[in-house]
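Colleague: give me coordinates for this.
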Amino acid sequence: MYPTLKNGSMIMVNRHFNNLNDGIYVMRHENNLLVKLLQLLPDGIIKVKSDNTLYEPWEINKDKLNSTDIELIGRVVWSGQRM
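Modeller: Numbering: from 1, shown residues only. Next up is the predicted model:
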């Protein structure tokens, strides 16, 4: 997620959010934890993006969230880094 989040940045994650809105989220995809920008599109489609241009955006259907392959962990509400 560079440059928004630098390598080694600490994040605070709200695991008890009510609504899914555009923002930065932690998600589990298969066995990997990812920090990604989620953008809500019409018809229940969610675009999963990264600030890092090496990673192509991809889309998932909102109905696929919290399945065995994809789980939304929480919304990033704070980030900081050591000096």
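Colleague: I figured Val48 hits Lys64, correct?
Modeller: No: counting by C-beta atoms under 8 Å, Val48 does not reach Lys64; the two are 11.0 Å apart. No exception for glycine: its C-beta is placed from N, CA and C like everyone else's.
Colleague: show me where this structure has strands.
Modeller: For the chain, the strands defined by DSSP state E occupy 10-14, 23-29, 32-41, 45-49, 58-61, 70-80.
Colleague: ok, the first one: who's next to it in the sheet?
Modeller: Next to strand 10-14 in the sheet, as set by DSSP bridges, lie strand 70-80 (antiparallel).
Colleague: what bridges to Leu38?
Modeller: Under DSSP bridges, the beta-bridge partners of Leu38 are Gly23, Val48.
Colleague: Tyr25 is in contact with that one, correct?
Modeller: Yes: assessed by C-beta under 8 Å, Leu38 is found in contact with Tyr25 at 5.2 Å.
Colleague: who's more crowded, the two?
Modeller: Taking neighbours as other C-beta atoms under 10 Å, Leu38 and Tyr25 compare with Tyr25 leading, 22 against 19.
Colleague: report pLDDT for the more buried one.
Modeller: For Tyr25, the model assigns a pLDDT of 96.
Colleague: let me see the contact set for it.
Modeller: Contact analysis of Tyr25 by C-beta atoms under 8 Å, 6 or more residues apart in numbering lists Val35, Lys36, Leu37, Leu38, Leu72, Ile73, Gly74, Arg75, Val76.
Colleague: ok, now Pro57?
Modeller: Residues counted as contacts of Pro57 (C-beta under 8 Å, 6+ apart) are Lys47, Val48, Lys49, Ser50.
Colleague: could you measure from it over to Thr68?
Modeller: When distance is defined by C-beta to C-beta, to the nearest Å, Pro57 is 23 Å away from Thr68.
Colleague: next: Gly74.
Modeller: Taken as C-beta to C-beta, the span from Gly74 to Thr68 is 19 Å.
Colleague: with neighbour numbers in mind, choose between those two.
Modeller: Counted by other C-beta under 10 Å, Gly74 and Thr68 do not tie: Gly74 has more neighbours, with 15 against 7.
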